[in-house]
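1. build me a model from this:
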Amino acid sequence: MIRDALACASRERRPVLVDVVVDYSKHTRFTQGIVKTNLERFDFGTKARLVGRALWRRLSG
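-> Below is the predicted model:
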């Protein structure tokens, strides 16, 4: 589908619109890397507090 849209755009030299479905339930590798990097910077107490709050939001939300 995207390949066809790119071919059409290059052939006709016009912009094309593509309707795609995005799965927002999955974290991207960028987001996972940011979380990991930020957690590595904190001491154990702060890590435990942040992880606890995240778990609470996931379980109660």
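2. what's the average pLDDT for whichever helix or strand Arg3 is part of?
-> Under the criterion of DSSP states H and E, Arg3 resides in helix 2-12. For helix 2-12, the mean pLDDT works out to 88.
3. against which helices or strands is the one helix or strand Leu50 maps to packed?
-> Under DSSP H and E, the secondary-structure element containing Leu50 is helix 44-60. With contacts defined as 3 or more Cβ pairs under 8 Å, 6 or more residues apart in numbering; DSSP states H and E, the packing partners of helix 44-60 are helix 29-41. From N, CA and C alone the C-beta is placed, and that goes for glycine too.
4. now do the contacts for Cys8.
-> Val16 (Cβ atoms under 8 Å, 6 or more residues apart in numbering).
5. cool, Val35 as well?
-> Neighbouring residues of Val35 by Cβ under 8 Å, 6+ apart: His27.
6. before we move on, the earlier item: between helix 29-41 and the helix holding Leu50, find me the angle.
-> For the pair helix 44-60 and helix 29-41, the angle between their directions (axes from the mean of the first three to the mean of the last three Cα atoms, to 10 degrees) equals 140 degrees.
7. count of neighbours near the spatially closest residue to Phe42 that is not a sequence neighbour?
-> Of all residues beyond its chain neighbours, the one nearest Phe42 is Leu50 (7.0 Å), with distances taken as Cβ to Cβ, 6 or more residues apart in numbering. Burial of Leu50, expressed as a neighbour count using other Cβ atoms under 10 Å, amounts to 14.
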